[in-house]
Every structure is written in structure tokens, then in C-alpha cells.
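> below is the sequence, then the predicted model.
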Amino acid sequence: MENYPLLDLFLTMMYFFLWIMWLFLLFRVVMDIFRDDDLSGWGKAGWLVFCIVLPFLGVLVYVIARGRGMGRRDVKQAKEAEEALQDYIRRTAADARAGTGGPDDLTKLSDLHRAGVLSDDEFNRAKTKLLA
């Protein structure tokens, strides 16, 4: 430890964290290349080769050229995911309400009993089941 001063330790940590941040940026750029519907297949292949062959320059040029679109695509994907979640919640809640035995089901059951389709015993069992 005597040959490794504290400043060198801090610089090593800084380089390590900058390298990790660059890896995150590289993965984000690669994911954005594949997610972008505006790029053709050849465009995607070109950007991908550029980012693999010259990684630092490729990522830097991609962020400069298409960085604003990256943010828009992220926002669009988040909105679509939120809308899908809200739609799923609405459908699930509607399905749950439909089978809970609410007033509509009791009315239907009462109409069947009045029409003579259900006997008194069947009506009472079904009503108890709905209200349980």
C-alpha cells in the first residue's frame, strides 16, 4: 500500500465508475438501435457495426445524432406500458365486478324465481351463494 497513494486510489475508482457508466450507455444505445422503428434493417446494422468497431466514437456520434429521439422513444414506451397496465387493471376489475354477485345477479335470480324456473329451495341456495 505504500506505493499506491490515496490520489491514485481515487483516480482508479473514478476510471472504474466511468467505465461502468460507459458500459451502461453502450447497452442503452444498442437497445435503442433495436427498439427504433424508424430505422431500416440496414440502418440498424450500420449503427451497430459502427458502435462495435469504434465503440467510443460510435456511441458518442449516436448520442449526438439521435439522442433526442432516444428520450422520445423512452417516453413513448413508458406511456404505452402505463396504458397497457391501466387497461389490464380496468379489464380485471370489470371481470371481478361481473362475477361478484352484485345487484344485477340478484335481479336475474329473482326474475328466474318469479318465472318458475327456480324452486324456492334453489332460489334460496343461489341467493345465499351470491351474498356469501
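Yep, it's here.

> what ranges does this structure have for its helices?
Listed in chain order, the helices of the chain (DSSP state H) span 6-35, 41-53, 55-98, 103-114, 120-131.

> next, format the ones you listed as CSV and append mean neighbour count and mean pLDDT.
Placement of C-beta: from N, CA and C, glycine included. Formatted as CSV, these follow (neighbours: other C-beta atoms under 10 Å; pLDDT from 0 to 100):
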stretch, mean neighbour count, mean pLDDT
helix 6-35, 12, 92
helix 41-53, 13, 93
helix 55-98, 12, 88
helix 103-114, 13, 80
helix 120-131, 12, 83
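
> so how far is stretch 124-132 off the chain centroid?
Taking C-alpha atoms, centre = their mean, to the nearest Å, one finds the center of stretch 124-132 at 41 Å from the center of the full chain.

> swap that for stretch 32-40, sorry
Distance of stretch 32-40 from its chain centroid, counting by C-alpha atoms, centre = their mean, is 18 Å.
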